[in-house]
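Student: Got a predicted structure here, sequence first:
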Amino acid sequence: MKKAAGFIKKNPSFCVFAVLALAVIAVAVFAPALATHDPYEAVLTNAVQPPSAEHWFGTDRMGRDLFSRVLYGARTSLTASLSLVCIIMVAGTLLGIVAGYFGGVLDAVIMRISDMMISFPGMVLAIAVAGILGANMTNAVIAIAIVSWTKYARLARSLVLKIRSRDYIAAARVTGSKTSHILWKYMLPNALPTILITGATDIGTMMLEIAGLSFLGFGAQSPTAEWGLMLNEGRAYMTASPWLMVFPGLAIFITVVVFNLLGDSLRDVLDPRNE
Amino acid sequence: MSEPHDLILAARHVTKKYPASNGRILVANNDVSLNFYRGRTLGVVGESGCGKSTFMRMVVSLEAPTEGEILYRGQDITKLRGEALRQHRQKIQMVFQDPSAAFSPKMKIMDIVCEPLLNFKRIKKGEKEETARRLLEMVELPGDFARRYPHNMSGGQRQRVGIARALALEPEIIVCDEATSALDVSVQKTVVELLVRLQREKNISYGFICHDMALVQSLSHQVAVMYLGNIMEILPGGQVSHGCLHPYTQAMVGAVFDLHMDFSHPIRSIDSEAPSPLDAPAGCPFQSRCDRCMEICKQERPPLREIAPEHQVACHLYQ
């Protein structure tokens, strides 16, 4: 208990943003309890109503309650971006560590593939991949994962290269450590703090990417409640019924800001220089 | 006198070449043959970059020689791979030069000194602390250090931890790569005394890299003088100051300062820099800096010749 109090005192901003991030996640988890209406129930007579006591954020062109849809949208967006970040973090880090530690052909192959990936504009490549795979949420996640793992691979590789030739790695080999032991106990813990910080900062970016793909029609398909898709649906009514874009946009904005700041403050917590 | 059966490890004609830029080749070790005997210390001296560390890294199987073989009890260890190599590593351990770089900053001392034993499943995880205490006491450190981190210790203490780690597997050979050169002179003395005591108790063979001539001659049973990757002279440790014959060894001995030296004599030292190992000249490697260089030295590389028992010199002056 005392330890926790000391931690909060030492890292106030991290705690604030952690609480905010948890609040966003709680909204997604408890969306069914918080929603005032069924987000998929279309009442066409009620279409495009401005915000009111009955419909807090108004209704969309199908007469669905926008507040409930924004809450449910948090579920789609958060699940997609969190799983996306997990996938690219794990895959990129493992590939990067392997490339950096073993070097040679393995390194060349992995890093040339990653070079190919970053030589394209990410979004264009993601559109191409999503277009080939077919437009749905899973494929959107796969498409963005394919173009985004490279950052983690490069980062992990450079961190591994930094310590690979240190004496203590040589010592670990001389004392009979297995390669798997060196990778797991020396290389991974060395790369992990930086990777985690990057991952936390990336949640917001990935959310934008997914929303972007959905906006362009390559991600979530209607009637799914997804923020990017909702922006797209509201686009035609922007001047007459701005709430159709304002509320999903605000939701994206708030979530991205919270997770970005969380990533930034995580940097201060994990920075070894603070120890 | 060491009998042949005391021989533990023998390097035979070991050559190590590194590819350098522009297709040139850096010869770090050229035809090096040295022996490690049980309970005896082999000192290797030479200037920085002469290849002594490269040689020792091959002895502990961190690098593989380009040519030649390293025989451990008759078995060529340069051919070992994978699990066989890992099992062999128990026999030869190493103490590193810089005690601040030789340990992972994230590991506690007990994790560091017990890692070798855990690697070979010689102890269980639960026995870590008591084993660490035993090992630390062996190198004259308090057992309570087991829970510390390396950055909370002084250089001398850390180097003792390095020795404890090398001892953990009870190896037959310990390679000390300038293990004392990063330490204060006073600390150096106690670490050397520790090494000597451990050698007496456990009959370990040391490979001791050093560029302190005074230290190496007092510690080593046998001293090999290296220059540009070549062995210039091998002689018993006690003879270094008075019995050395090679002009290079003599120049190195002449360049040693000590408190009792006679300052009325001119201090002899070698003026020029060592030539790059990239452009090794034909003939004797030392020809460009030797004040007794002859015509033959520029054409023919002198082989190591036995001049007296346990004394070999590679120089045309001693035919």
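Tutor: Structure's in. What do you need? Just so we're clear, the structure is a prediction, and the values are computed from it rather than from any experiment.

Student: burial of the residue of the stretch 1-150 of chain B found nearest chain A, as a residue count?
Tutor: Using Cβ to the nearest Cβ, the point where the stretch 1-150 of chain B gets nearest to chain A is B:Pro116, with a distance of 3.8 Å. Any C-beta I mention is one placed from the backbone N, CA and C, and that applies to glycine too. The burial metric for B:Pro116, expressed as a neighbour count using other Cβ atoms under 10 Å in any protein chain shown, is 28.

Student: So B:Asn230 is in contact with B:Ala28, correct?
Tutor: No. Taking contacts as Cβ atoms under 8 Å, B:Asn230 lies outside contact range of B:Ala28: 10.7 Å.

Student: Mind jotting down where the helices sit in the stretch 151-300 of chain B?
Tutor: Residue ranges of the helices in the stretch 151-300 of chain B, as given by DSSP state H, counting those that start in this stretch, are B:155-168, B:185-202, B:213-219, B:240-243, B:247-254.

Student: could you dump those helices to JSON lines with mean pLDDT, mean neighbour count and distance to B:Met107?
Tutor: Converted to JSON lines, the helices of the stretch 151-300 of chain B look like this (pLDDT from 0 to 100; neighbours: other Cβ atoms under 10 Å in any protein chain shown; distance: least, Cβ to Cβ, whole Å):
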{"stretch": "helix B:155-168", "mean pLDDT": "92", "mean neighbour count": "24", "distance to B:Met107": "11"}
{"stretch": "helix B:185-202", "mean pLDDT": "89", "mean neighbour count": "15", "distance to B:Met107": "22"}
{"stretch": "helix B:213-219", "mean pLDDT": "85", "mean neighbour count": "19", "distance to B:Met107": "30"}
{"stretch": "helix B:240-243", "mean pLDDT": "84", "mean neighbour count": "15", "distance to B:Met107": "39"}
{"stretch": "helix B:247-254", "mean pLDDT": "85", "mean neighbour count": "20", "distance to B:Met107": "39"}
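
Student: can you list these in JSON lines and add distance to chain A?
Tutor: Converted to JSON lines, the helices of the stretch 151-300 of chain B look like this (distance: least, Cβ to the nearest Cβ, whole Å):
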{"stretch": "helix B:155-168", "distance to chain A": "7"}
{"stretch": "helix B:185-202", "distance to chain A": "17"}
{"stretch": "helix B:213-219", "distance to chain A": "21"}
{"stretch": "helix B:240-243", "distance to chain A": "29"}
{"stretch": "helix B:247-254", "distance to chain A": "27"}
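
Student: now those in a markdown table, with distance to B:Val175?
Tutor: Output for those, formatted as a markdown table (distance: least, Cβ to Cβ, whole Å):
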| stretch | distance to B:Val175 |
| --- | --- |
| helix B:155-168 | 8 |
| helix B:185-202 | 12 |
| helix B:213-219 | 14 |
| helix B:240-243 | 20 |
| helix B:247-254 | 22 |
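
Student: Flag every residue of chain A that's near chain B.
Tutor: Taking Cβ under 8 Å from any Cβ of the partner chain as the criterion, chain A approaches chain B at residues A:166-168, A:170-178, A:181, A:186, A:189-190.

Student: Which ones among the residues you listed map onto helices?
Tutor: Taking DSSP state H, the ones among the residues of chain A next to chain B that sit in helices are A:Asp167, A:Tyr168, A:Ala170, A:Ala171, A:Ala172, A:Arg173, A:Val174, A:His181, A:Pro189, A:Asn190.

Student: need the contact list for the fourth one.
Tutor: Read that as A:Ala171. Applying Cβ atoms under 8 Å, 6 or more residues apart in numbering or on different chains, one finds that A:Ala171 lies in contact with B:Met94, B:Phe96, B:Ala102, B:Phe103, B:Gly162, B:Arg165.

Student: let's see it at 7 Å
Tutor: Neighbouring residues of A:Ala171 by Cβ atoms under 7 Å, 6 or more residues apart in numbering or on different chains: B:Phe96, B:Ala102.

Student: Check the last one too.
Tutor: Contacts for A:Asn190 (Cβ under 7 Å, 6+ apart) come out as A:Leu159, A:Ile163.

Student: rerun that using 10 Å as the cut-off
Tutor: With contacts defined as Cβ atoms under 10 Å, 6 or more residues apart in numbering or on different chains, the neighbours of A:Asn190 are A:Ile97, A:Ala156, A:Leu159, A:Val160, A:Lys162, A:Ile163, A:Arg164, A:Arg166, A:Ile169, B:Ser104, B:Pro105, B:Lys106.

Student: Show me how to select, in ChimeraX, the buried members of the residues you listed.
Tutor: Listed next is the ChimeraX selection for buried residues among the contacts of A:Asn190, using 16 or more other Cβ atoms under 10 Å in any protein chain shown:
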select /A:97,156,159,160,163,164,166,169 /B:104
